[in-house]
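Novice: sharing a model that was predicted from the sequence below.
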Amino acid sequence: MATLKIKDLHVEVEGKEILKGVTCNISEGETVALLGPNGHGKSTLLNVIMGHPRYKITSGTIYLDDINLTNMSTDERAKAGLFLALQNPAEVPGVINSDFLRAAVNATSEEKISTYKFYKMLDGATKELKMPFDLATRSLNEGFSGGEKKRNEILQLLLLNPKIAMLDEIDSGLDVDAIQVVADVINKEENKGMGFLVISHYARLFDLIQPTRALVMINGRIVLDGDKSLIKRIDQNGYEFIKTELGISIEKEQAQMNEVSIGSCAVKEAIKK
C-alpha cells in the first residue's frame, strides 16, 4: 500500500513563505478531507506536491513510499503515481481532448496503449461519468462548461489510475446530479485502493464520500488531524475553536470566524439553496 509522506514542508512564493512546516501522510485506500479558511495554503500544498514550478521548497521532503519526489518534475511525479485535478482547468485550443488523454496515458504507462484499447477505456470512462462521448473530439476544455471541465478532470483520473489523487474543489461548478456521479467514482476508486486528498468548500461532497480522516490547515500548517467528525464540527461552528481550544491565532482572520464554515463561504446557506 503506497503512502504519500510530507514532512516539515516549507514553501515560499516570490520570497513570501506560504507553507510553514506541513507534515502529513495520505495512504492508498483512504479519503482525506483538507479543510481550512481561504488563503491558508490548501491549494498551495496540492500544487507543491504535484511539482508546480511557481513554488519554491525551502526545506522539507515529499516521499511516495521510498521514492523521494521533492526535486522531481511534475511528469516524473505523475509516473510515480500522483494525480492532481485542478481547481481551474485550462482551455487549450487546437489540442484534441482524446489526443491529450491518450498522450497522458502513454506517458504514465510502461507500454504504449493501442488505439483500440484506449478508445474502449475512454468509452467506458465517459459512460461511468455520464459524459457525452463527443467531448473527446473537441479541443481540450475549450468551450466546456465549468461542470464539463471538472468531469473531464475525473475522466483523466479514471484513465490514469494513480495511487494518490488530489482533488482541488472538484465539486465547484457541478450540479447536484453531477456531484453524485463524481462522488460515486471517488467511492468506487477508494474501494479499489486509490487514495484521495480532497479540498471542498461544500459539506455536501463530504457527506457523499465520507472521508476516513480530516486535516485542518491554518496559517500554512496542519494544526489538526482527526476523524470525519471534524468536518461536521467546522460546518456547524466554524473555526473559532481553533483559537479558543488550541490557542492558535488565525492570520488573515475573517470578521466572524464562528460564522465561517468549511471554507470562507457559508456552507449551510449553500446547501439550503
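Specialist: On my side now, so go ahead. Residues are numbered from 1 along each chain as shown.

Novice: residues near residue 92, how many?
Specialist: 13 (other C-beta atoms under 10 Å). To be clear about C-beta, it is placed using only N, CA and C from the backbone, and glycine gets the same treatment.

Novice: tell me, what residue is most central in this structure?
Specialist: By C-alpha atoms, centre = their mean, the chain has its centre lying nearest to residue 167, at 1.8 Å.

Novice: what ranges in the stretch 51-200 of the chain fall below the confidence cut-off?
Specialist: Counting by pLDDT under 70, the stretch 51-200 of the chain contains no low-confidence range.

Novice: what about the helices in it?
Specialist: 74-80, 97-107, 115-128, 146-160, 176-191 (DSSP state H, counting those that start in this stretch).

Novice: nearest to residue 86, of these?
Specialist: helix 146-160 (6.4 Å; C-beta to C-beta).

Novice: next, the angle from that closest one to helix 97-107.
Specialist: The directions of helix 146-160 and helix 97-107 differ by 30 degrees, with axes from the mean of the first three to the mean of the last three C-alpha atoms, to 10 degrees as the criterion.

Novice: the inter-axis angle of helix 146-160 versus helix 115-128?
Specialist: For helix 146-160 against helix 115-128, the angle by the same axes, to 10 degrees is 130 degrees.

Novice: which strands and helices sit next to helix 146-160?
Specialist: Judged by 3 or more C-beta pairs under 8 Å, 6 or more residues apart in numbering; DSSP states H and E, helix 146-160 is in contact with strand 82-85, helix 97-107, helix 115-128, helix 176-191.

Novice: so what's the gap between stretch 221-240 and the chain middle?
Specialist: Its chain's average C-alpha position is 18 Å from that of stretch 221-240, according to C-alpha atoms, centre = their mean, to the nearest Å.
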